[in-house]
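Colleague: predicted model follows, preceded by the sequence.
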Amino acid sequence: MKKLLVFSLLFPLLIACGTKVERMDANTGKDLSGKWNDTDSRTTAETMIADCLDGNWYNKALKAKGGNEPVVIVGTVKNNTMEHINTSTFIEEMQRALINSGKVEFVASPEERGEVRNERLEQQEYASEETRKAFGREVGADYMLSGVLDSITDSEGRKSVIYYQINLKLINIETNQIVWNGEQKLKKYVVKNSLKL
């Protein structure tokens with residue numbers, strides 16, 4: 001009888017612990033762990049790229065290129081946090097914001113260029129002469145955007161404050177001059193539930 005009573009009390013809890021899946025809009029922010037997430041990545045990239053393109057360097061670059069848009073490439077973004085952060089999604093967010101701004105031209109990453117160069121090489125042998133793409137016609141980037149993600153975590157018991165600092169620099173590839181230096185800060189207060197089943 002006791003076992004039946006215990007089971008009847010625990011049964012609703014066991015059912016409640018089952019997996020539940022809810023579809024969400026991809027742009028909806030939902031913080032579960034308090035760690036860096038897709039919303040942080042997207043909003044930080046959009047904010048920082050908007051700030052970058054509003055910088056003084058932009059009008060100077062347009063003038064230097066006779067009104068033509070500057071050509072940009074995104075380099076390395078280092079993750080110096082203690083979290084596993086997939087920086088490639090952050091880089092993609094920055095690329096998307098740059099391209100969609102319509103203010104700059106954009107060139108492919110080294111990995112993408114390697115794949116395209118292999119395709120161009122194969123075309124020399126397998127594609128018709130009229131459709132074959134020539135070597136030596138690539139557009140060189142004028143500027144490289146790179147940066148670093150840092151974090152500091154302050155914890156006491158179940159409570160934590162996670163501070164993120166994202167620094168990006170836009171560097172003139174020909175002169176090595178830093179033409180823009182941007183910073184974004186995020187702070188999250190996290191309280192972990194003490195009930196663990």
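Modeller: Ah, there it is.
Colleague: give the buried residues for the helix or strand that contains N59.
Modeller: Assigned by DSSP states H and E, N59 falls within helix 56-64. Within helix 56-64, the residues scored as buried using 16 or more other Cβ atoms under 10 Å are 57-58, 61. Every residue, glycine included, has its C-beta placed from N, CA and C.
Colleague: now the residues you listed as a markdown table including distance to E111 and pLDDT?
Modeller: As requested, the buried residues of helix 56-64 are exported to a markdown table (distance: Cβ to Cβ, whole Å; pLDDT from 0 to 100):
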| residue | distance to E111 | pLDDT |
| --- | --- | --- |
| W57 | 27 | 96 |
| Y58 | 27 | 95 |
| A61 | 26 | 95 |
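Colleague: still on that earlier bit, and the contacts of the helix holding N59?
Modeller: 68-70, 103, 142-143, 170, 179-180 (Cβ atoms under 8 Å, 6 or more residues apart in numbering).
Colleague: stretch 184-194 too?
Modeller: 31, 33-34, 40, 44, 47-48, 158-166.
Colleague: how does it look with 7 Å?
Modeller: For stretch 184-194, the surrounding residues in contact (Cβ atoms under 7 Å, 6 or more residues apart in numbering) are 34, 40, 44, 47-48, 158-166.
Colleague: break down this protein into its strands, ranges please.
Modeller: Secondary structure of the chain (DSSP state E): strands at 71-79, 105-106, 143-156, 159-172, 178-191.
Colleague: Throw the ones you listed into a markdown table and include mean pLDDT and distance to R96, thanks.
Modeller: Below are the strands of the chain laid out as a markdown table (pLDDT from 0 to 100; distance: least, Cβ to Cβ, whole Å):
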| stretch | mean pLDDT | distance to R96 |
| --- | --- | --- |
| strand 71-79 | 94 | 10 |
| strand 105-106 | 92 | 10 |
| strand 143-156 | 94 | 13 |
| strand 159-172 | 95 | 15 |
| strand 178-191 | 94 | 17 |
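Colleague: now render those strands as TSV, adding mean neighbour count and distance to R137.
Modeller: Shown next, in TSV, are these (neighbours: other Cβ atoms under 10 Å; distance: least, Cβ to Cβ, whole Å):
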stretch	mean neighbour count	distance to R137
strand 71-79	18	14
strand 105-106	16	14
strand 143-156	16	20
strand 159-172	18	23
strand 178-191	14	27
